[in-house]
Each structure stands twice: as structure tokens, then as C-alpha cells.
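In: Using only what follows, build the 3D model:
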Amino acid sequence: MERIILIETSTSLCSTAIAEDGVIVAYKESQTPKSQASLTAPFVAGMLSERGLKASDCSAVCVSMGPGSYTGLRVGSSTAKGLCFGAGIPLLAAGTLDTLVAQAADEGLIPEGCRYIIPMIDARRMEVYTAVFTPDGRQLSETEPRIIDETSFADQLAEGPVLFIGDGALKCRDVLTSANAHFAQCCPKASAMLRPAVTAFRAGDFKDTAYFEPFYLKEFIATVSKKSLF
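Out: From the prediction side, this is the model:
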């Protein structure tokens with residue numbers, strides 16, 4: 001049996017799932033902020049226990065590889081690597097933007113006549129991590145951090161309906177005012193990683209567990225407290 005553990009921790013939603021032969025059979029999520037470190041591993045352990053499984057009964061682990069939250073991606077990556085090393089199973093990775101595109105189809109969010117899906121991961125202010133996709137999941141542009149203004153994606157919007165999806169979508173509504181702009185505010189879910197994960201597994205697109213690093217897109221910048229330490 002093809003059994004894959006799915007881990008999505010790239011945004012504020014922490015979620016995990018188990019897929020068996022292309023079907024989601026277990027799922028857990030929490031929208032509690034900054035809960036990835038405390039909940040990801042227990043979620044996986046709980047799902048396995050409920051199914052009467054060990055990690056070694058699974059075929060692979062698929063983790064979100066970003067872009068997204070630096071801390072969330074680190075937690076997901078560390079958990080996935082630990083499972084892979086401990087169980088002796090391979091590591092897969094799914095891009096966060098690819099997951100959002102798959103989620104749009106899974107949840108029936110694609111508007112009629114849609115020409116493009118543009119997933120948006122919230123960065124800061126009016127900046128998002130984004131790329132342009134076709135409704136069938138083909139990526140047309142490079143993943144990049146982009147500051148959104150009234151001219152953004154004008155060419156795509158001129159062609160017809162465009163779906164903007166992700167936790168950075170709604171903040172762009174006030175500037176992307178075209179009648180062709182449709183918005184779905186949501187976080188990527190582990191269950192929506194199913195198609196990218198299965199495709200990668202069947203293609204043998206396994207990552208080097210020891211050296212895999214998430215796609216942060218930007219370097220993490222630590223801040224120093226202004227409070228005196230003495």
C-alpha cells in the first residue's frame with residue numbers, strides 16, 4: 001500500500017494528514033498561532049496511533065518546503081526528517097504555492113472561466129510570496145516576493161477571471177479592484193498536499209533527508225529586544 005504522511009506548517013495553520021493509495025484517511029489541524037512546535041509531532045503520533053500504525057508502516061513523509069514562515073518551515077522539516085531517519089523511509093517535499101493551487105481545486109474555489117490561479121503567502125505589509133499558475137497546476141512564473149499595487153497582474157486580469165488564494169489574498173483586495181479578481185483567504189492544508197505528494201512519490205522525486213532545506217525565499221532576520229538585560 002502507498003501510504004504517505006503529510007505535514008504542512010508553512011503558515012499559521014498547523015496541519016497533518018495520512019494518505020493511503022491516493023485517499024486522505026486521517027487529518028488534524030490547529031489554527032492556534034505559533035502552535036507548530038508543540039503540535040506537529042503529537043498530531044502525527046496521534047494519527048498513526050488512531051490508525052494502528054507505526055511510521056515504518058508508511059511509504060514516505062511529505063513536508064511543505066515553502067515559501068512561508070521561517071519557524072514553521074523549520075519545525076515541519078525537522079519533524080519530517082526525524083520520522084524519515086527513524087523509520088527508514090524517504091522524504092518528499094511539496095511547494096506551498098503548489099499546495100494552494102491544489103487546494104483551490106479540492107475545495108471548489110476556482111471561478112468559472114478562470115484563466116489563472118495566483119497563490120499568495122503573506123509576507124509583510126503589501127508584500128506576498130507568489131507565482132502565476134494555470135488552473136491545472138502548471139507554474140508559469142518564478143516564485144518571488146512581490147509588493148502588490150494597482151498594476152500588479154494587470155496582464156493576467158485583462159484576460160479573464162483570476163483566483164488569488166492564500167493567507168495574503170484578502171489584503172490585496174483594495175488594490176486589485178478588477179472585476180476579474182476573485183479572492184479566497186485561506187492557509188494551505190496538509191490534505192491539499194495529496195496530489196503533489198503522490199506525483200512526487202510515483203516519480204521517485206525523493207529529497208536528500210540529511211541535506212534538505214526548506215525554500216525560505218528570504219533569510220531569517222532575528223530582532224534584538226530593546227529592553228535592557230541588566
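
In: Would you list the phi and psi of V162?
Out: Main-chain torsions, V162, degrees, to the nearest 10: phi -130, psi 130.

In: burial count for it?
Out: By other Cβ atoms under 10 Å, the residues close to V162 number 22. In short, each C-beta sits where N, CA and C put it, glycine included.

In: Tell me which residues touch D205, please.
Out: Listed by Cβ atoms under 8 Å, 6 or more residues apart in numbering, the contact partners of D205 are L92, T199.

In: so how far is A102 from the closest residue to V25 other than its chain neighbours?
Out: Excluding the flanking residues, the one nearest V25 by Cβ to Cβ, 6 or more residues apart in numbering is I18, at 5.5 Å. Relative to A102, I18 is positioned 17 Å away (Cβ to Cβ, to the nearest Å).

In: swap in S78?
Out: The gap separating S78 from A102 is 24 Å, by Cβ to Cβ.

In: all strands for the chain, in order.
Out: 3-8, 14-20, 23-30, 60-64, 91-94, 116-124, 127-130, 144-147, 162-166, 181-185 (DSSP state E).

In: Pairing partners for I165 in the sheet, please.
Out: I165 has these beta-bridge partners by DSSP bridges: P119, A184.

In: That one touches C114, doesn't it?
Out: No. Under the criterion of Cβ atoms under 8 Å, I165 is not in contact with C114, lying 10.8 Å apart.

In: Give the residue from those two that has the larger number of neighbours.
Out: Each of I165 and C114 has its neighbours counted (other Cβ under 10 Å); I165 has more, 25 against 17.

In: got a pLDDT number for that one?
Out: I165 is assigned a predicted lDDT (pLDDT) of 98.

In: Could you tell me which ranges of this protein sit under the pLDDT cut-off?
Out: In the predicted model, the chain carries pLDDT under 70 at residues 218-230.

In: And it, split by domain according to the record?
Out: 3-96+188-202, 108-185 (automatic domain parsing).

In: Residue nearest the middle of this protein, spatially speaking?
Out: In the chain, the C-alpha nearest the mean C-alpha coordinate belongs to T96, at 2.9 Å (Cα atoms, centre = their mean).

In: How about the contacts made by that one?
Out: Going by Cβ under 8 Å, 6+ apart, T96 touches E8, S10, T11, S64, M65, G66, P67, G68, P119, I121, Y129, P188.

In: For these, work out which two are farthest apart.
Out: Distance extremes for the contacts of T96: the farthest pair is E8 and Y129 at 15.1 Å, using Cβ to Cβ.

In: which one of those two has more residues nearby?
Out: More crowded of E8 and Y129, by other Cβ under 10 Å: E8, with 30 against 25.

In: Can you give the contact residues for the helix ranked longest in the chain?
Out: The residue-count maximum for a helix in the chain (DSSP state H) belongs to helix 70-87. Identification of contacts with helix 70-87 by Cβ under 8 Å, 6+ apart yields 5, 7-12, 14, 34, 36-37, 40-41, 44, 54-56, 58, 60-66, 89-91, 209-210, 212-214, 216, 220.
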